[in-house]
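[1] sequence below, structure please.
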Amino acid sequence: MRLQNQVAIITGGANGIGLAACERFAKEGAKIIMSDFDDKRELSNKKS
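    Model prediction:
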């Protein structure tokens with residue numbers, strides 16, 4: 001495990017390349033801090 005005892009901070013980790021990075025880093029032993037947000041969801045929650 002090449003990343004054992006390491007911490008990875010990954011933005012955009014909910015899908016696509018960010019998700020793949022989270023999965024690979026975790027497989028290599030890293031602890032993951034992941035963040036992401038959804039613009040469309042945020043807008044749909046606002047009331048006019």
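
[2] can you pull the poorly scored residue ranges out of this structure?
    40-48 (pLDDT under 70).

[3] for it, which segments count as strands?
    Secondary structure of the chain (DSSP state E): strands located at 7-11, 31-35.

[4] return the residues in contact with the most centrally placed residue in the chain.
    The centre of the chain sits closest to Gly13, judged by Cα atoms, centre = their mean, with a distance of 2.3 Å. Neighbouring residues of Gly13 by Cβ atoms under 8 Å, 6 or more residues apart in numbering: Leu19, Ala21, Cys22, Ile32, Met34, Ser35, Asp36. Backbone N, C-alpha and C define where each C-beta goes, glycine included.

[5] repeat that with 6 Å
    Residues near Gly13 by Cβ atoms under 6 Å, 6 or more residues apart in numbering: Leu19, Cys22, Met34, Asp36.

[6] all good on my end, thank you.
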